[in-house]
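**Student:** sequence-free structure coming up:
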């Protein structure tokens, strides 16, 4: 009978033991973890003991992210950290209150028309004994796969920030939406249909002195988890101004895989400006990327010429079993939302200047000092991944081309320098996000070549057809075309500023597609849990660019 009361969950789809899932395993893990992304709004995203008063996917998701789950029929022992319910009636809410330890959290989703007014939700939760209620508008999800966005509805600062930072083409629509949303939220106390569906509400069972879960006791004595407490304790140290009374969180869950991170934007009181962002991994496999980003930001912060275009590292901490990376907020619009044919040259030259500053004043390093780490190992990985797919002579040609590289300056590489990871401020200054793949001592020009391909081929071209991609790529490196002229000009500026021999460009361009092909291969292996079929490998975006570059004359 004990097993029916409290069951310790086996290694779950979100657990550390599933490091190499098969395709079905990864699909299940991804679906489950995304259904539970709201957990990052709780004092602890990894509850020690949870109870769910719903079934289906939500119940499975709660089980996947909790150490122990409890059967609602037997689990009203008052020691749970989390209770979850959908459209709960008063009886269910009283049962959830009874199941929770003092300071525990209750997460609820409200779909029912009759119960979806703010006054009804709040009164039901308070009547059951809960306090400290926060409401969230779910823009996408949580029942849908893909992106999810949880916007706090009180105070309205986070919603205002979100609507102000959409693309320019949507500004007027966003302004109207912003006004209507405020009206709807204030009227929703009486007219439930005005609220979005679902409304998510998180409430807390009041804490009492000395109360604690038997498995873990996070600091919730005043409604705060360890992360909130850390932020408030260090607020003045970070020069953010007076310590706020209350923090609100806008939660952004992006990416296509379970190892994609969840990002929280943290707002003080009613301010519409977030002060920091926090990256939080869904699974342990994502932690090394966060640690690498923290190390890179820490080193680059010592260089004033690039530091103002970077987020400032605030902390990298393990809290309640989860590693969290805190950074300051960078302001601006993502390049993919503002770039077009008319401003491409200007933006590309600005990106080139930024990368020149990132490289700094460096002297060429002999091939023997970097070959094994930055070229030889890449060639070996590429042949291992694609050796059974392409003709052997192509690999021999590739090695011969890359071996033509001579002494090169060693620079910091971003390794994902594209229009999605670059912001443009109103004064046209650039700032660069997401340094998880960075290499502090890498090779020159690779980031620039990647950028000068990604924008014209994948943004301005706007076609994913392989033949269109090949044509767009050929145009991007042909100086007689508009895009190719920009590429030639930017590479010339970069080479002159770094003293780089342009004869290396062909080999470096081959090398950059080897690096990204290997990354693409690793993602496929992660998704499938096995080596991909040859036909799948042949359709890879970056291996297609490698083929196209290999077939070209040495440009």
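**Tutor:** In hand now; what should we look at? These figures come from a predicted structure and were not determined experimentally.

**Student:** would you confirm that residue 500 contacts residue 407?
**Tutor:** No. Counting by CB atoms under 8 Å, residue 500 stays clear of residue 407, with 10.3 Å between them. The C-beta positions use only the backbone N, C-alpha and C, and glycine is treated the same way.

**Student:** between these two, who's got more neighbours?
**Tutor:** Set side by side, residue 500 and residue 407 show more neighbours around residue 500, with 19 against 14, by other CB atoms under 10 Å.

**Student:** ok, the nearest residue to the more buried one once chain neighbours are set aside - contacts?
**Tutor:** Using CB to CB, 6 or more residues apart in numbering and skipping the chain neighbours, the partner closest in space to residue 500 is residue 444 (5.8 Å). Contacts for residue 444 (CB atoms under 8 Å, 6 or more residues apart in numbering) come out as 359, 408-409, 411, 494, 498, 500, 508.

**Student:** out of these, which one sits closest to residue 552?
**Tutor:** For those, the residue nearest residue 552 by CB to CB is residue 508; the value is 13.6 Å.

**Student:** any idea how far that closest one lies from residue 480?
**Tutor:** To residue 480, residue 508 is 22 Å away according to CB to CB, to the nearest Å.

**Student:** these two: which has the busier surroundings?
**Tutor:** Comparing residue 508 with residue 480 by other CB under 10 Å, the one with more neighbours is residue 508, at 21 against 8.

**Student:** what's downstream of whichever helix or strand the more buried one is part of, the next helix or strand?
**Tutor:** Using DSSP states H and E, residue 508 maps to helix 505-528. Tracing the chain past helix 505-528, the next element assigned as helix or strand by DSSP H and E is helix 534-538.

**Student:** how far does that following helix sit from its chain's centre?
**Tutor:** The chain centre lies 27 Å from the centre of helix 534-538; the measure is CA atoms, centre = their mean, to the nearest Å.

**Student:** do the same with stretch 57-72
**Tutor:** Computed by CA atoms, centre = their mean, the chain-centroid distance of stretch 57-72 equals 24 Å.

**Student:** buried stuff in it?
**Tutor:** Within stretch 57-72, the residues that count as buried by 16 or more other CB atoms under 10 Å are 58-70, 72.

**Student:** does residue 442 touch residue 408 like I think?
**Tutor:** No. Using CB under 8 Å, residue 442 is not in contact with residue 408, being 9.9 Å away.

**Student:** between these two, who's got more neighbours?
**Tutor:** Ranked by neighbour count (other CB under 10 Å), residue 442 and residue 408 place residue 408 first, with 25 against 20.

**Student:** pLDDT wise, what is the more buried one at?
**Tutor:** At residue 408, the model reports a pLDDT of 97.

**Student:** partners of it in the sheet?
**Tutor:** Beta-bridge partners recorded for residue 408 (DSSP bridges): residue 365.

**Student:** OK, contacts around it?
**Tutor:** 364-365, 367, 370, 443-444, 500, 504.

**Student:** same question for residue 321.
**Tutor:** Counting by CB under 8 Å, 6+ apart, residue 321 has contacts 44, 46.

**Student:** over to the one 5 residues further on?
**Tutor:** If a contact means CB under 8 Å, 6+ apart, then residue 326 has 231, 276-278, 313-317 as its contacts.

**Student:** show me this structure divided up by domain.
**Tutor:** Here the domain assignment for the chain is 2-224, 230-328, 333-551, based on automatic domain parsing.

**Student:** number of nearby residues for residue 519?
**Tutor:** Applying other CB under 10 Å, I find that residue 519 has 15 neighbouring residues.

**Student:** likewise residue 399?
**Tutor:** Neighbours of residue 399 (other CB under 10 Å): 16.

**Student:** these two touch, right, residue 340 and residue 460?
**Tutor:** Yes. Between residue 340 and residue 460 there is a contact under CB under 8 Å: 7.3 Å.

**Student:** these two: which has the busier surroundings?
**Tutor:** residue 460 (17 against 9).
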